[in-house]
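> No letters, just coordinates:
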């Protein structure tokens, strides 16, 4: 079964510092996407960054980057120069592309990130 | 519309009543997904639509839950005879196609059953 695990329920970072959120997953697929979503108090899930498994280069979006280790099935998110607006719940997600299940997302348990001024 | 729209934003209902939650996806998106987010639990996949059909309904937690989509656009999630354990945030998402790599989420409906 495809699973996604986030082992850090809570993380804290000082403003302007760097923080890394961890995620591991399990799949037998060789080509797939991985995502990090941010959920602020407004509840709306916002896509932060995505990685395509066949690409060796780690994805980067401004202050957000990933460390994708395919063999280890690890997909961590690094936030540089943390800002107060980064405080939110972060979810790692994997599309369960099994037959008859479409592009449904399998989410990790989430990591609550707080940013201290 | 510009984004995925869900209504109502918040709903308080009495135990045993029926409720309907609405999702209006991004125009042109053929795939639509419903998830449930319960306090202390993760995001649970409920059902998805490809056009108006729902190939897999196995994620629905009980037969009190049903969903439909008409005209390939708006979807409603209906919960009959609500129970307190149904209290959760119900999130809707849409994507251009089922195999599209990115899904766009609405702001969810917070359902509270008292």
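Received the coordinates, thanks. All of these numbers come straight from a predicted model, not from anything done at the bench.
> Spell out which residues of chain A are next to chain B.
A:33, A:35, A:37, A:42-47, A:50, A:52, A:91, A:95-97, A:100-110 (CB under 8 Å from any CB of the partner chain). In this view, the C-beta of every residue, glycine as well, is placed from N, C-alpha and C.
> Mind checking which of those residues are buried?
With neighbours counted by 16 or more other CB atoms under 10 Å in any protein chain shown, these contain buried members at A:33, A:35, A:37, A:43-45, A:47, A:50, A:91, A:95-97, A:101-110.
> Report all helices and strands that whichever strand or helix holds residue A:20 contacts.
Element membership of residue A:20 [criterion: DSSP states H and E] is strand A:19-21. Contacts defined by 3 or more CB pairs under 8 Å, 6 or more residues apart in numbering or on different chains; DSSP states H and E place strand A:19-21 against strand A:10-14, strand A:74-79, strand A:111-116.
> in its sheet, what does that strand sit against?
Strand pairing for strand A:19-21, determined by DSSP bridges: strand A:74-79 (antiparallel).
> Does anything pack onto the helix or strand that the partner strand is followed by? Which helices or strands?
Using DSSP H and E, the next helix or strand after strand A:74-79 towards the C-terminus is strand A:88-95. Identification of packing neighbours for strand A:88-95 by 3+ CB pairs under 8 Å, 6+ apart yields strand A:3-5, strand A:33-39, strand A:74-79, strand A:105-107, strand A:111-116.
> Give me the contact list for strand A:88-95.
Identification of contacts with strand A:88-95 by CB atoms under 8 Å, 6 or more residues apart in numbering or on different chains yields A:2, A:4, A:6, A:21, A:23, A:25, A:27, A:32-41, A:45, A:48, A:75, A:77, A:103-108, A:110-113, B:42-43, B:101.
> per-residue confidence at residue 28?
Looking at chain A here, since you left the chain open. For residue A:28, the pLDDT comes out at 83.
> not what I meant, chain B
In this model, residue B:28 carries a pLDDT of 91.
> I'd like to know how far residue B:114 sits from chain A.
Applying CB to the nearest CB, to the nearest Å, the value for residue B:114 to chain A is 20 Å.
> circling back: could you dump the helices and strands packed on strand A:19-21 into JSON lines and include mean pLDDT?
As requested, the helices and strands packed on strand A:19-21 are exported to JSON lines (pLDDT from 0 to 100):
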{"stretch": "strand A:10-14", "mean pLDDT": "97"}
{"stretch": "strand A:74-79", "mean pLDDT": "96"}
{"stretch": "strand A:111-116", "mean pLDDT": "97"}
